[in-house]
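Novice: Could you look at this predicted model? Sequence included:
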Amino acid sequence: MNIPKELDISPALIEKILLTFLREELYRTGLKRAIFGLSGGIDSAVVCYLTARALGAENIVPVIMPSRTSSADSIEDALKCIEDLNLPHHCQVSVSPQVETYFEKSEIPKSDDEAMMKNRIGNKMARERMTILYDLSMVERALVVGTSNKTELLLGYGTLYGDMASAVNPIGDLYKMQIYRMAEYLGVPESIVNKAPTADLWAGQTDEDQLGFSYREVDRLLVRMVDRRQSDAQLIEEGFDANFIRTVRDLIRGSQFKRRLPVIAKVSERTINRDFNYARDWGT
Amino acid sequence: MGKTRISVVQIASKLGRLEDNTEKHIEIIRRLRGENSQVIVFPELSLTGYQLKDLNADVSQTREEILQRFSGLGDGPPVEAVFGWLERSRGGHYYNSLAHLCIDSSGSVSFLHNHHKINLPTYGMFEEERYFSPGKTVRAYDSPVLGRAGLLLCEDMWHPVNSLLLSLDGPGLEGVRVLMVGSNSPTRGVLGAETEPWNVAVWKTLARHAAITSNCLVVVAQRVGVEDGFVFSGGSEILGPGGEVLARAPLFEEAFLSCDVDLDGMFQERRTVMPRGAMVDYDRLVRELGRIGGKHLDGDNE
């Protein structure tokens, strides 16, 4: 894929950095294995290839967690990664039984608002997947590795405590276009690289339809807005639409809560993460 | 002419694990001393790790405590060790420090010099001013092995006035022959980068610039390892006074560099290329700095 020049990276260099990151952040916990959701999409495929290279194929546990609304292609593409990397071990668990039981057989309030119900079901599925990964992480003695990229983290296009939850995330500082670059370099199957990105929340859903803009467009804007800290006036001068700029700025600001731990009311002299400050890797 | 063996230790220290890190230092010093290294240089905060935050109180040491920690090295060839630590002053200040210890043939240990980091980065991902007090002096000193020497820590190198001062601080304004730098450089800047991240490219330039402009041997000890997502780059270097790379460590992995350097010969040879010290017009330097700082000195109205 031809990625915009301003987003260009050297995949070999990024790979070196990320393999070091994965090994060191994982081994310091005392664990040797990684577990993550493998959706059949490009982000988790890149994580699959990276973790396999960093830890060895025998030390990664991809978990395929389809729902009834997942496309058949998704499962097929996830299995392609497993086959291509010759992974000796993976899990497959459907999230539909528990999600359907919750929405259809329990007493919880329903809604006539179709859009809201789609979101509720989508979020519920994402959180079910999270609980499955954390549950299996115990039995597999593996650390949960995140698969959210920088674009979706900035836009808040993810479920809090769902797909956004993980112990370590190797790709959270790479924009979607850069994920494509990494995927090609790592040899991710073409069918994954070439298909439209989707969260598979409902049949036929695509990220770009739901967001209302393309990843290419928004990445070109984000790298200027976030990394270069350009002003709106500069962005407009470069040809970006004022409404598009406003929409993206609103999405970033409005999802800030998703990128932080819960706010703690300060009453003591030493409040966690305010005056009680330690790195997470303290003592390792 | 005799050669001097200088070693650089590119390691990943454990965050807040003073005992483990001390043990690792002692083991490495013992090993390299046995391999005839005369000067062994470790990275910044090598005894403690970098992102200390509230660990300051737990891992800081006094100079007496440092001497005690390194007192068990025992008999062997004399060796000098440069390493990073957190000094706790009597006044309760914490200084990001680089120590130069002298270990004699009986294992007796003394401080040759200790540098407090002057320029504490406090921007972007860095927050050193919140936790450390800034050093106030940059001083050259005499090492039995190296001759006139100077120490700087990481960000100090990004401000050329520090290496300039060291390049003048000696008899006849000749300044240091060897500049040793401890650093912890987190990897960043990959957009458009081909083979190395931006910070590594900058460090190569800074080290080369200091070597050429100060006309001295430059030893840069970088750390590796990861702390809270900071992937420290490594890429430690030893450069000759013309900026030539004598040794360079790989990125992202622990490594040892050793170089046998004929220091006397090196500087004798350099005199035919670039006179040490003689090109600095000290009076002009002081006058212009005074003018810029608003302090009018004699002769500033030429």
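Specialist: That came through fine.

Novice: going forward, measure contacts and count neighbours with C-alpha atoms only.
Specialist: OK.

Novice: tell me the contacts of A:I17?
Specialist: B:V231, B:F252 (CA atoms under 8 Å, 6 or more residues apart in numbering or on different chains).

Novice: Just say helix, strand or coil for B:V8.
Specialist: Three-state assignment for B:V8 (DSSP: H, G, I helix; E, B strand; the rest coil): strand.

Novice: count of neighbours near it?
Specialist: 29 (other CA atoms under 10 Å in any protein chain shown).

Novice: With A:P97 instead?
Specialist: 11.

Novice: in which helix or strand would I find it?
Specialist: helix A:96-100 (DSSP states H and E).

Novice: Pull the residues that contact that helix.
Specialist: A:P66, A:S67, A:R68, A:I121, A:K124, A:M125, A:E128.

Novice: Kindly format the C-alpha coordinates of that helix as PDB.
Specialist: Only the C-alpha atoms of helix A:96-100 are listed here, as PDB (Å, rounded to 0.1, in the frame of the first residue of the first chain):
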ATOM      1  CA  SER A  96     -22.800 -15.000  21.000                       C
ATOM      2  CA  PRO A  97     -24.200 -17.400  23.600                       C
ATOM      3  CA  GLN A  98     -23.400 -15.100  26.600                       C
ATOM      4  CA  VAL A  99     -24.300 -11.900  24.800                       C
ATOM      5  CA  GLU A 100     -27.600 -13.300  23.500                       C
END
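
Novice: Of all the residues in it, which ones are buried?
Specialist: A:S96, A:V99, A:E100 (16 or more other CA atoms under 10 Å in any protein chain shown).

Novice: Please tell me how far the last one sits from chain B.
Specialist: When CA to the nearest CA, to the nearest Å is applied, the distance between A:E100 and chain B equals 38 Å.

Novice: Equivalent analysis for the second one, please.
Specialist: Separation of A:V99 from chain B (CA to the nearest CA) stands at 34 Å.

Novice: mind checking how far that residue is from A:L160?
Specialist: As judged by CA to CA, to the nearest Å, A:V99 and A:L160 stand 17 Å apart.

Novice: that older thread, quick one: mean pLDDT for whichever helix or strand comes after the helix holding A:P97?
Specialist: Per DSSP H and E, the first helix or strand lying C-terminal to helix A:96-100 is helix A:114-140. Helix A:114-140 carries an average pLDDT of 96.

Novice: Also stretch B:240-254?
Specialist: Here the average pLDDT along stretch B:240-254 is 95.

Novice: Show me what it is in contact with.
Specialist: So stretch B:240-254 is contacted by A:16-17, A:20, B:9-12, B:207-209, B:211-212, B:214-218, B:223-225, B:231-239, B:255-259, B:270 (CA under 8 Å, 6+ apart).

Novice: Which ones among the residues you listed map onto helices?
Specialist: A:K16, A:I17, A:T20, B:A207, B:R208, B:H209, B:A211, B:I212, B:S214, B:R270 (DSSP state H).

Novice: What residue, apart from its backbone neighbours, is nearest the third one spatially?
Specialist: Sequence neighbours aside, B:F252 is the residue nearest to A:T20 in space, at 6.9 Å (criterion: CA to CA, 6 or more residues apart in numbering or on different chains).

Novice: what's the neighbour count on that neighbour?
Specialist: Neighbours of B:F252 (other CA under 10 Å): 25.

Novice: Same check on B:S133?
Specialist: Using other CA under 10 Å, B:S133 is surrounded by 18 other residues.

Novice: Would you list the phi and psi of the spatially closest residue to B:E237 that is not a sequence neighbour?
Specialist: Counting by CA to CA, 6+ apart, B:R248 is the residue found nearest to B:E237 once chain neighbours are left out, at 4.4 Å. Phi and psi for B:R248, reported as degrees, to the nearest 10, are phi -140, psi 130.

Novice: Number of residues surrounding B:R248?
Specialist: What B:R248 shows, counting by other CA under 10 Å, is a neighbour count of 19.

Novice: For it, give its distance to B:A221.
Specialist: 10 Å.

Novice: what's the answer for A:W202, then?
Specialist: For A:W202 relative to B:A221 (CA to CA), the value is 54 Å.

Novice: wait, is A:R249 part of a strand?
Specialist: No. In this structure, A:R249 is helix, not part of a strand, as judged by three-state DSSP.

Novice: quick one: contacts for it?
Specialist: Per CA under 8 Å, 6+ apart, neighbours of A:R249: none.

Novice: Helix or strand: which one has B:V200?
Specialist: helix B:198-214.

Novice: Put the alpha carbons of that helix into PDB.
Specialist: Written as PDB, here are the backbone C-alpha positions of helix B:198-214 (Å, rounded to 0.1, in the frame of the first residue of the first chain):
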ATOM      1  CA  TRP B 198      15.900  10.400  15.300                       C
ATOM      2  CA  ASN B 199      17.400  10.300  18.900                       C
ATOM      3  CA  VAL B 200      20.200   7.900  17.800                       C
ATOM      4  CA  ALA B 201      21.100  10.100  14.800                       C
ATOM      5  CA  VAL B 202      21.200  13.100  17.100                       C
ATOM      6  CA  TRP B 203      23.400  11.400  19.600                       C
ATOM      7  CA  LYS B 204      25.900  10.500  16.900                       C
ATOM      8  CA  THR B 205      26.000  14.100  15.800                       C
ATOM      9  CA  LEU B 206      26.300  15.400  19.400                       C
ATOM     10  CA  ALA B 207      29.200  13.100  20.200                       C
ATOM     11  CA  ARG B 208      31.000  13.800  17.000                       C
ATOM     12  CA  HIS B 209      30.500  17.500  17.400                       C
ATOM     13  CA  ALA B 210      31.900  17.400  20.900                       C
ATOM     14  CA  ALA B 211      34.900  15.300  19.900                       C
ATOM     15  CA  ILE B 212      35.800  17.600  17.000                       C
ATOM     16  CA  THR B 213      35.100  21.000  18.600                       C
ATOM     17  CA  SER B 214      36.600  20.100  22.000                       C
END
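
Novice: packing partners for that helix?
Specialist: Contacts defined by 3 or more CA pairs under 8 Å, 6 or more residues apart in numbering or on different chains; DSSP states H and E place helix B:198-214 against helix B:160-168, strand B:217-222, strand B:237-239.

Novice: now it, how far from the centre of its chain.
Specialist: 13 Å (CA atoms, centre = their mean, to the nearest Å).

Novice: quick one, helices of the chain?
Specialist: You didn't pick a chain, so chain A it is. If DSSP H is used as the criterion, the helices of chain A fall at A:11-27, A:42-55, A:72-84, A:96-100, A:114-140, A:150-155, A:176-186, A:190-194, A:207-211, A:215-222, A:232-237, A:242-254.

Novice: Hmm, no, I was thinking of chain B.
Specialist: Taking DSSP H to define them, one finds helices in chain B at B:18-34, B:56-59, B:63-69, B:128-131, B:160-168, B:198-214, B:263-271, B:282-292.

Novice: For those, give me CSV that also has mean pLDDT.
Specialist: Listed next are the helices of chain B as CSV, based on pLDDT from 0 to 100:
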stretch, mean pLDDT
helix B:18-34, 97
helix B:56-59, 96
helix B:63-69, 97
helix B:128-131, 97
helix B:160-168, 92
helix B:198-214, 95
helix B:263-271, 78
helix B:282-292, 86
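
Novice: Could I get the ones you listed in TSV, plus columns for mean neighbour count?
Specialist: As requested, the helices of chain B are exported to TSV (neighbours: other CA atoms under 10 Å in any protein chain shown):
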stretch	mean neighbour count
helix B:18-34	17
helix B:56-59	16
helix B:63-69	15
helix B:128-131	15
helix B:160-168	20
helix B:198-214	19
helix B:263-271	15
helix B:282-292	13
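
Novice: Kindly reformat these as CSV and extend each row with distance to A:R229.
Specialist: CSV is the format used below for those (distance: least, CA to CA, whole Å):
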stretch, distance to A:R229
helix B:18-34, 39
helix B:56-59, 33
helix B:63-69, 44
helix B:128-131, 23
helix B:160-168, 27
helix B:198-214, 18
helix B:263-271, 46
helix B:282-292, 32
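
Novice: Centroid-nearest residue for chain B?
Specialist: B:V181 (2.0 Å; CA atoms, centre = their mean).
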